[in-house]
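K.L.:
Show me the folded form of this:
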Amino acid sequence: QVSLVESGGGLVPPGGSLRLSCHVSGSKWDFFAIGWFRQAPEKEREGVSCFRRSSRDSWSADSVKGRFTTSRDSAGTTIYLQMDNLKPEDSGRYYCATAWRSNFDCSESRDFDSWGHGTQVIVGP
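P.N.:
You can find the predicted model right below:
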């Protein structure tokens with residue numbers, strides 16, 4: 001199994017930046033993707049970005065395109081989410097998760113099976 005630990009959240013003013021990290025550890029590495037999701041109070045969890053292991057490319061939701069960037073370290077054990085020009089509507093708890101099915105959809109949380117505990121992002125004055 002794998003363990004995922006998110007870090008890097010915090011309070012930032014509108015227009016500011018944060019970099020979230022997701023460290024992956026464990027004995028099972030045959031997942032197909034690592035995704036970033038977020039959930040605001042009283043809202044459904046939504047997909048933000050996703051790194052596909054086989055193609056080594058990434059997907060981003062329309063709401064964050066041009067502002068958020070996904071990358072990974074050389075060892076492939078840490079996935080980063082660089083968030084720039086943050087807006088109040090970006091506030092929420094951010095989670096990373098792994099997809100264990102080959103026919104996953106980056107935007108669908110139901111396709112991701114292993115989750116971290118999340119890190120809180122608050123965009124405000």
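
K.L.:
Quick one: the strands in the chain, in order.
P.N.:
2-7, 10-12, 18-26, 33-39, 46-52, 57-60, 68-72, 78-83, 92-99, 112-115, 119-123 (DSSP state E).

K.L.:
CA-only coordinates of the fourth one, as PDB, when you get a sec.
P.N.:
Read it as strand 33-39. Extracted C-alpha coordinates of strand 33-39, given in PDB (Å, rounded to 0.1, in the frame of the first residue of the first chain):
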ATOM      1  CA  ALA A  33      -1.800   8.800 -11.500                       C
ATOM      2  CA  ILE A  34      -1.600  11.200  -8.600                       C
ATOM      3  CA  GLY A  35      -4.300  13.800  -8.400                       C
ATOM      4  CA  TRP A  36      -4.900  16.900  -6.500                       C
ATOM      5  CA  PHE A  37      -8.400  17.600  -5.300                       C
ATOM      6  CA  ARG A  38      -9.900  20.300  -3.100                       C
ATOM      7  CA  GLN A  39     -13.000  20.700  -1.000                       C
END
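
K.L.:
re earlier: nearest to residue 106, of the strands of the chain?
P.N.:
strand 46-52 (3.3 Å; Cβ to Cβ). Every C-beta, even on glycine, is put in place using the N, C-alpha and C of the backbone.

K.L.:
Quick check: bridge partners of residue 96?
P.N.:
residue 36 (DSSP bridges).

K.L.:
That one: neighbour count?
P.N.:
With neighbours defined by other Cβ atoms under 10 Å, the count for residue 96 comes to 30.

K.L.:
Poorly predicted segments of this protein, please.
P.N.:
27-28 (pLDDT under 70).

K.L.:
check contacts around residue 106.
P.N.:
Shown in contact with residue 106 (Cβ atoms under 8 Å, 6 or more residues apart in numbering): 33, 35, 47, 49-50, 52, 59.

K.L.:
same thing but at 6 Å, please
P.N.:
Counting by Cβ atoms under 6 Å, 6 or more residues apart in numbering, residue 106 touches 35, 47, 50, 59.

K.L.:
From residue 31, how far out is residue 92?
P.N.:
Distance, residue 92 to residue 31, using Cβ to Cβ, to the nearest Å: 24 Å.

K.L.:
typo on my end, residue 75
P.N.:
For residue 75, the distance to residue 31 equals 15 Å [Cβ to Cβ].
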